[in-house]
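1. got a structure for you, letters missing:
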């Protein structure tokens with residue numbers, strides 16, 4: 001089982017969009033996938049068709065109430081199992097702050113659950129919080145989505161430092177950055193190419209070749225509560241996320 005966290009403390013970088021569509025494309029390729037929403041906005045579960053606002057139990061109960069993670073898994077119509085979130089998760093940060101081993105509550109919960117999925121995809125919140133630390137303590141790899149904007153690299157040094165501290169302090173010594181993926185690319189401008197070239201200079205082969213372009217169909221698919229490969233299978237967005245899923249598998253196996 002490979003656990004992959006999508007992480008960026010900057011919001012609006014298509015992190016949840018990528019978590020949803022990567023999960024769905026990996027499932028489409030024949031892999032068993034669990035998608036876990038660690039963002040209090042609850043958008044991942046909503047995108048998979050769940051009524052997240054009215055759920056009895058969510059990831060909040062796993063973190064704050066010691067509810068078994070296996071009790072929170074929801075089947076979806078898209079071949080992906082989901083552990084959802086909603087606004088209650090916003091309370092978890094305070095509630096778990098005094099717990100023993102507070103950074104590894106999620107990791108311990110998954111160990112007890114004994115999940116046997118091929119992939120677990122974690123959608124982390126847009127901040128470097130205790131919830132984020134729990135996700136990174138569980139993850140084997142981190143993927144960093146970056147939007148193709150002039151402020152896209154802001155905060156990257158801080159994120160890399162946090163990942164390094166997690167490794168060095170023994171919370172998760174095997175955590176590694178799997179790759180950086182450029183999102184919201186506008187092919188009409190040179191800015192995206194300049195940012196991509198800068199990323200290659202900094203991260204080398206840890207930059208995914210696949211880029212995710214701006215696409216109205218992706219926004220429409222979210223409104224319809226479907227992954228893009230179900231909403232518009234032949235759309236450019238579907239093809240790009242399938243390509244990203246293939247690259248992910250290659251990166252994991254290299």
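-> Yes, it's here. Note that this is a predicted model, so its numbers are computed, not measured. Numbers count the residues shown, from 1 in each chain.
2. need phi/psi at residue 180.
-> Phi and psi for residue 180, reported as degrees, to the nearest 10, are phi -110, psi 130.
3. next one: residue 224
-> According to degrees, to the nearest 10, the main-chain angles of residue 224 amount to phi -90, psi 0.
4. so what's the closest residue to it other than its chain neighbours up against?
-> Setting aside the residues directly before and after it, residue 224 is nearest to residue 231 in space (CB to CB, 6 or more residues apart in numbering), at 5.7 Å. Bear in mind the C-beta positions are built from the backbone N, C-alpha and C, glycine included. Contacts were defined as CB atoms under 8 Å, 6 or more residues apart in numbering; by that measure residue 231 touches 217, 220, 221, 224.
5. now the second one. Its backbone dihedrals?
-> The main-chain torsion angles of residue 220 are listed as degrees, to the nearest 10 and equal phi -60, psi -40.
6. any idea how far it lies from residue 228?
-> As for residue 220, its distance to residue 228 is 9 Å (criterion: CB to CB, to the nearest Å).
7. the first one now?
-> Counting by CB to CB, the separation of residue 217 from residue 228 is 7 Å.
8. more crowded one of the two?
-> Of the pair residue 217 and residue 228, residue 228 is the one with more neighbours under other CB atoms under 10 Å, namely 28 against 14.
9. distance of residue 193 relative to residue 187?
-> Residue 193 is 9 Å from residue 187, where distance means CB to CB.
10. higher neighbour count, the two?
-> The neighbour comparison of residue 193 against residue 187 (other CB under 10 Å) goes to residue 193, with 14 against 10.
11. assign the more buried one to helix, strand or coil.
-> Secondary structure of residue 193, reduced to three states by DSSP: H, G, I helix; E, B strand; the rest coil: helix.
12. ok, back up a step: make a PyMOL selection of the buried ones in the contacts of residue 231.
-> Buried residues within these, as defined by 16 or more other CB atoms under 10 Å, are selected in PyMOL through the command that follows:
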select buried, resi 221
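13. okay, the contacts of residue 231 in JSON lines with pLDDT and distance to residue 44 next?
-> Supplementary listing: the contacts of residue 231 in JSON lines, determined by pLDDT from 0 to 100; distance: CB to CB, whole Å:
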{"residue": "217", "pLDDT": "97", "distance to residue 44": "19"}
{"residue": "220", "pLDDT": "97", "distance to residue 44": "17"}
{"residue": "221", "pLDDT": "97", "distance to residue 44": "13"}
{"residue": "224", "pLDDT": "97", "distance to residue 44": "15"}
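14. for this structure, give me the ranges with low pLDDT.
-> 150 (pLDDT under 70).
15. pull out the buried residues from the longest helix anywhere in it.
-> Across the chain, the helix with the greatest residue count (assigned by DSSP state H) is helix 236-253. Residues of helix 236-253 classed as buried under the neighbour-count rule (16+ other CB under 10 Å) are 237, 238, 240, 241, 242, 243, 244, 245, 247, 248, 249, 251.
16. ok, the fifth one - contacts?
-> For residue 242, the set of contacting residues under the criterion of CB under 8 Å, 6+ apart consists of 25, 28, 29, 229.
17. now the fourth one
-> Taking CB under 8 Å, 6+ apart as the definition of contact, the neighbours of residue 241 are 18, 21, 22, 24, 25, 212, 228, 229.
18. out of these, grab the one that's most surrounded.
-> For those, neighbours were counted using other CB under 10 Å, and residue 24 has the most, 30 neighbours in all.
19. which residues of the stretch 51-200 of the chain fall in strands?
-> With DSSP state E, counting those that start in this stretch, the ranges of strands along the stretch 51-200 of the chain come out as 80-83, 119-123, 141-147, 176-183.
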